[in-house]
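[1] quick one, what's the 3D model for this:
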Amino acid sequence: MNKICVLIPKNDHKNREYLYDFLKNLGIEYYFLEYGKDVTFNSLCKETKLILTYDQYYYWSSSFLLNIKDAKIPILILIDGILEYRNTFERRHLHADGSFFIPVLGHKMACLGRSQARLIESFGNFGKCEVVGHPRFDKFDSCSRAREDGRFVIAVVTAKMPFFNDIQKLKVQKSLIDLRDFFESRKTIDGRNLQVLWRLTQKLDKKIGVKNSEISDFREFLCGVDALIVTPSTCALEGMLLKIPVAVLDYNNCPDFVQSSWKISSQDHIEDVVSELINPPKPKLLWQDICLHDSLECTTPAMPRLSRLIKSMIDIGENCRDSCSDLKFPDQIISPLDLKEEKSSHDYLYSDNTIFQIDDVMALQLRLERLSREYVRLQKRLSLYEMINSFIRKKILK
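    The predicted structure is shown next:
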């Protein structure tokens, strides 16, 4: 009997729920193992054919993964969110060097998207990254936000952990205060009445004196807004998936592991960015869609890819054990999908140009033929005018 061991921190109810949702559809038995100092190889069931975890950040999980690598049991690390520069490189008080996938301690890593895979492979992990997406995003899709009352609703959201030291905390507070003051001074923009919904973490709502919205379901919350301003967070991808214009709020001026069309890096950016969120230019909406598909494999559901990856790793692991050979995996098990943008056509970008609205090839050929003939005719007339003009000038000079 094949079994999957799910290595998970104690009391991590949120991720446990995510894992339940897709594990129950795999058709493979699984069990949860909460890591700690007493978790060793002997803690695993004998039927364990794969270890699945999203955590190699902390001492106990990292030690466990390192100690069982010689057991020829495949280890798959499933990333549950975006990577962020400060969390990766500036959280030294909590994470040891090398804990953030430098290197990856598993045999394979299921990445959210292509950009994340490129980043992690650049840390010295070539051949370990598989572009999968995440099943938690499979239920996200666009939703209708038509309004008849003239309101424009903007959500301001912070990540679960928007800062990692006192200096960063002050910068996050400053950015939120600047936003608060702007919205208090500007009740309307371009004739639209502004309504701001706050969802701030780490008691930042009390720090800056705003009231948090009560949220039971984050997707439903986002479906009720017209734009999203968010500190670097996986929430940005959720907003993009719902076709909401998303601006990243970041006064830290750090490298962007996830790109966006709009960014607020200082107080001076706020008015221009908010104005564009209300009337987003089409090229920036297109770029947001490109960034989304680079950051998250979401053209098709992630669940079938993850299921295929898990079952392939189990099969490869069994074959290696049966042949008494080293556990080795191909550089790529899941082939990436072709990137096809929904909004890349010229008729979307140039909707005001009637030429780009024509799909009939024959009609375009006929128009081209007429224009070509007209071009030749005009060239002849231009040559004639130039000859006459030259003749007249010579006469005048004489």
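[2] show me what counts as buried in stretch 111-125.
    111-117, 119-121, 123, 125 (16 or more other CB atoms under 10 Å). No exception for glycine: its C-beta is placed from N, CA and C like everyone else's.
[3] looking at those, which are in helices?
    114-117, 119-121 (DSSP state H).
[4] of those residues, which is the nearest to Asn67?
    Closest approach to Asn67 among those (CB to CB): Ile120, at 22.5 Å.
[5] distance check, the closest one against Ile102.
    Distance of Ile120 to Ile102, given as CB to CB, to the nearest Å: 9 Å.
[6] that older thread, reformat the buried residues of stretch 111-125 as CSV; add pLDDT and distance to Ser61.
    Converted to CSV, the buried residues of stretch 111-125 look like this (pLDDT from 0 to 100; distance: CB to CB, whole Å):
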residue, pLDDT, distance to Ser61
Cys111, 95, 19
Leu112, 96, 20
Gly113, 95, 24
Arg114, 94, 26
Ser115, 95, 25
Gln116, 96, 20
Ala117, 95, 22
Leu119, 95, 21
Ile120, 95, 17
Glu121, 95, 22
Phe123, 90, 18
Asn125, 94, 17
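[7] quick revisit: from the ones in helices among the buried residues of stretch 111-125, which is closest to Lys263?
    Nearest to Lys263 out of these is Ser115 (CB to CB; 16.0 Å).
[8] skipping its backbone neighbours, what lies nearest that closest one in space?
    In space, and not counting its chain neighbours, Ser115 is closest to Asp294: 4.7 Å by CB to CB, 6 or more residues apart in numbering.
[9] ok, the one you found - contacts?
    By CB atoms under 8 Å, 6 or more residues apart in numbering, the contact set of Asp294 is 113-115, 259, 339.
[10] the same query, at a cut-off of 10 Å, please.
    By CB atoms under 10 Å, 6 or more residues apart in numbering, Asp294 lies in contact with 113-116, 118, 258-259, 339.
[11] and which of those residues is nearest Pro301?
    Ranked by distance to Pro301 (CB to CB), these are led by Gly113 at 14.2 Å.
[12] relative to Pro283, how far out is that closest one?
    From Gly113 to Pro283 the distance is 21 Å (CB to CB).
[13] rewinding a little: element containing the residue nearest to Ser115, please.
    helix 282-295 (DSSP states H and E).
[14] next SSE downstream of that helix?
    Sequence-wise, the next helix or strand downstream of helix 282-295 (DSSP H and E) is helix 303-322.
[15] rewinding a little: most widely separated two among the contacts of Asp294?
    Greatest spatial distance among those (CB to CB): Val258 and Leu339, at 16.4 Å.
[16] one step back: any shared contact partners between Ile120 and Ile102?
    By CB under 10 Å, 6+ apart, no residue touches both Ile120 and Ile102.
[17] for the stretch 201-350 of the chain, which segments count as strands?
    Along the stretch 201-350 of the chain, counting by DSSP state E, counting those that start in this stretch, strands occupy 227-230, 246-249, 262-264.
[18] to Lys3, which of those strands lies closest?
    Minimum separation from Lys3 across these (CB to CB) falls at strand 227-230, 38.6 Å.
[19] partners of that closest one in the sheet?
    Using DSSP bridges, the strands paired with strand 227-230 are strand 151-157 (parallel), strand 246-249 (parallel).
[20] quick one: the closest residue to Cys320 other than its chain neighbours from Leu277, how far?
    Among residues not flanking Cys320 along the chain, Leu327 sits closest, at 4.8 Å (CB to CB, 6+ apart). Distance of Leu327 to Leu277, computed by CB to CB: 49 Å.
[21] more neighbours, the two?
    More crowded of Leu327 and Leu277, by other CB atoms under 10 Å: Leu277, with 22 against 18.
[22] is it true that that one touches Pro245?
    Yes. At 4.7 Å, Leu277 counts as touching Pro245 under the criterion of CB atoms under 10 Å.
[23] next, show the common contact partners of the two.
    Common neighbours of Leu277 and Pro245, counting by CB under 10 Å, 6+ apart, are 154, 226-229, 261-262, 284.
[24] filter the residues you listed down to the buried ones.
    If we count by 16+ other CB under 10 Å, these have these buried: 154, 226-229, 261-262.
[25] same list (those) but as a markdown table, adding distance to Glu90 and pLDDT.
    Below are these laid out as a markdown table (distance: CB to CB, whole Å; pLDDT from 0 to 100):
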| residue | distance to Glu90 | pLDDT |
| --- | --- | --- |
| Ile154 | 29 | 96 |
| Asp226 | 33 | 94 |
| Ala227 | 29 | 96 |
| Leu228 | 25 | 97 |
| Ile229 | 23 | 98 |
| Ser261 | 26 | 96 |
| Trp262 | 24 | 98 |
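[26] and which of those is nearest to Ile314?
    Leu228 (39.0 Å).
[27] who is that closest one paired with across the strands?
    The bridge-partner assignment for Leu228, based on DSSP bridges, gives Ala155, Val246.
[28] make sure Glu17 is indeed in a helix.
    Yes. Membership of Glu17 in a helix is supported by DSSP: H, G, I helix; E, B strand; the rest coil.
[29] neighbours around it, how many?
    Neighbours around Glu17, by other CB under 10 Å: 10.
[30] my read: it touches Phe32, true?
    No. Glu17 lies out of contact with Phe32 (CB under 10 Å); the separation is 11.9 Å.
[31] now for Glu130: which residues touch it?
    76, 108-111, 117, 297, 305-306, 308-309, 312-313, 329, 331-336.
[32] mind giving me the ChimeraX command for buried ones among these?
    In ChimeraX, this line selects whichever of these come out buried by 16+ other CB under 10 Å:
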select :76,108,109,110,111,117,297,305,306,309,312,313,329,334
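[33] the helices in the stretch 1-150 of the chain, which residues?
    For the stretch 1-150 of the chain, the helices defined by DSSP state H, counting those that start in this stretch cover 13-23, 59-67, 85-89, 114-122.
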